[in-house]
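In: output the structure for:
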Amino acid sequence: MAEEHAFINRLVSPGFKSRVYGWGRIVMEMDRVTGRSCPASEDSLRRVLGSSTEIRLLAGSDLPHVMAPLQSLQVQAIQALAAWGPKHRAVIEEFAENTESETLELIARSCLKRRRGAKRP
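Out: Below is the predicted model:
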């Protein structure tokens, strides 16, 4: 497991609140995870989708545009897993069914629908 996977896994682990990070660092590590389809990346993204941990940011840090930090990471996870193929469909569908966020549910379902449409000739 590479450093970026360990970082994201710690960040979304239950009870991990001892450290705060700048949003730029979190985005950089998440980009590294989503940039390469491999078992470690897939595992990290599944952890992101399954997390309900509050992500604390450094005072004065840049902020995600519209959503809470975890929700922003969950959108990235959904998009990456959907792009990596149908074997992740069940994980995304489960997330869409169980999320309390209507916005995240719509994004997940949209990614699945778009992916399904991309497979047709």
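
In: isn't S44 up against N9?
Out: Yes: at 5.7 Å, S44 counts as touching N9 under the criterion of C-beta atoms under 8 Å. Every C-beta, even on glycine, is put in place using the N, C-alpha and C of the backbone.

In: now the lowest-mean-pLDDT helix or strand in the chain: how far from the chain's centre is it?
Out: When the helices and strands of the chain are scored by mean pLDDT, DSSP states H and E, helix 102-118 comes last with a mean of 84. Distance of helix 102-118 from the chain centroid (C-alpha atoms, centre = their mean, to the nearest Å) equals 14 Å.

In: buried residues in it, which are they?
Out: Neighbour-count burial for helix 102-118 flags 104, 107-109, 111-112, 115 (criterion: 16 or more other C-beta atoms under 10 Å).

In: by contact count, what packs against it?
Out: When contacts are defined as 3 or more C-beta pairs under 8 Å, 6 or more residues apart in numbering; DSSP states H and E, helix 102-118 sits against helix 69-83, helix 89-98.

In: state the distance from the residue nearest to R89 when sequence neighbours are not counted to T103.
Out: Leaving aside its chain neighbours, R89 sits nearest to L112 (6.4 Å; criterion: C-beta to C-beta, 6 or more residues apart in numbering). The gap separating L112 from T103 is 15 Å, by C-beta to C-beta, to the nearest Å.

In: residue ranges in this protein under the pLDDT threshold?
Out: The model of the chain has pLDDT under 70 over residues 1, 16-18, 64, 115-121.

In: and with 80 instead?
Out: Applying pLDDT under 80 to the chain picks out residues 1, 15-19, 60-66, 114-121.

In: distance check, P86 against L58.
Out: 38 Å.

In: swap that for G22, sorry
Out: Applying C-beta to C-beta, the value for G22 to L58 is 5 Å.

In: what does stretch 59-74 contact?
Out: Stretch 59-74 is touched from outside by 8, 12, 21-24, 26, 30, 48-49, 51-55, 57, 75, 95, 99, 101, 103-104, with contacts defined as C-beta atoms under 8 Å, 6 or more residues apart in numbering.

In: stretch 97-117 now?
Out: Outside stretch 97-117, the residues within contact range by C-beta under 8 Å, 6+ apart are 67, 71, 74-75, 78-79, 82-83, 86, 89, 92-93, 95-96.
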